[in-house]
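Engineer: After the sequence you'll find the predicted model.
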Amino acid sequence: MNEPPGPHTSLEFYPWVVLRFRCQKCRRYGDARLAKLAEKFGAAETIGMLISRFQATCPSRPRSKGGRPVADAQFACGGYCPDLKSNPPPDLPPSMRGLTLIAGGKANMYPTDPAPAERRRRVGEE
């Protein structure tokens with residue numbers, strides 16, 4: 001799979017082991033293993049449908065007297081999946097990501113030969 005996963009991606013084709021959920025408004029979060037989600041909801045469930053399930057259980061959404069959530073854009077949950085549209089897998093160990101180029105380059109390196117030591121003089125020596 002060359003393109004990163006999106007909301008239309010089903011659990012069957014999701015490339016990583018853990019699916020992470022976050023909320024921008026109430027700072028709620030949750031991590032779920034892909035195998036458990038596929039067992040519970042089926043392999044055809046899409047990431048977008050799981051995000052809407054996460055948003056539906058938001059405890060900070062106001063409820064009407066009947067118990068139904070208020071349908072107002074102002075009170076909408078900010079739930080999302082941070083791994084969507086990202087190319088490197090978030091659960092890939094750092095040793096497998098490869099080398100990272102650090103800005104600065106050769107000018108910031110230490111010299112290979114040590115500087116000559118400054119000779120000390122004794123008091124009274126000319």
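Structural biologist: Right, received. Where do you want to start? Numbering: from 1, shown residues only.

Engineer: Show me the helices in this protein, by range?
Structural biologist: Assigned helices in the chain, in chain order: 34-41, 47-56 (criterion: DSSP state H).

Engineer: Determine which of these approaches S10 most closely.
Structural biologist: helix 47-56 (7.8 Å; Cβ to Cβ). To be clear about C-beta, it is placed using only N, CA and C from the backbone, and glycine gets the same treatment.

Engineer: contact partners of that closest one?
Structural biologist: The list of residues contacting helix 47-56 from outside it, by Cβ atoms under 8 Å, 6 or more residues apart in numbering, reads 5-11, 14, 19, 21, 23, 30, 37, 41, 69, 76-77, 79-81, 84.

Engineer: what about 7 Å?
Structural biologist: Residues outside helix 47-56 that contact it (Cβ atoms under 7 Å, 6 or more residues apart in numbering) are 5, 7-9, 14, 21, 30, 37, 77, 79-81, 84.

Engineer: what does stretch 15-27 give?
Structural biologist: Contact with stretch 15-27 is made by 1, 5, 29-34, 37, 54, 58, 60, 77-83, 89-91, as judged by Cβ under 7 Å, 6+ apart.

Engineer: again, 6 Å this time
Structural biologist: Residues from elsewhere that reach stretch 15-27 (Cβ atoms under 6 Å, 6 or more residues apart in numbering): 1, 29-32, 34, 54, 60, 78-79, 81-83, 89, 91.

Engineer: Now the two most distant members of these.
Structural biologist: Using Cβ to Cβ, those reach their maximum pairwise distance at M1 and S60, which is 35.0 Å.

Engineer: between those two, which one's more packed in?
Structural biologist: S60 (12 against 8; other Cβ atoms under 10 Å).

Engineer: can you tell me how far that one sits from P82?
Structural biologist: Here S60 is placed at a distance of 19 Å from P82 (Cβ to Cβ, to the nearest Å).

Engineer: do the same with R119
Structural biologist: Distance of R119 to P82, computed by Cβ to Cβ: 60 Å.

Engineer: quick one: low-confidence ranges for the protein?
Structural biologist: Within the chain, the stretches with pLDDT under 70 are 1-2, 61-75, 88-92, 94, 96-97, 100-102, 104-116, 125-126.
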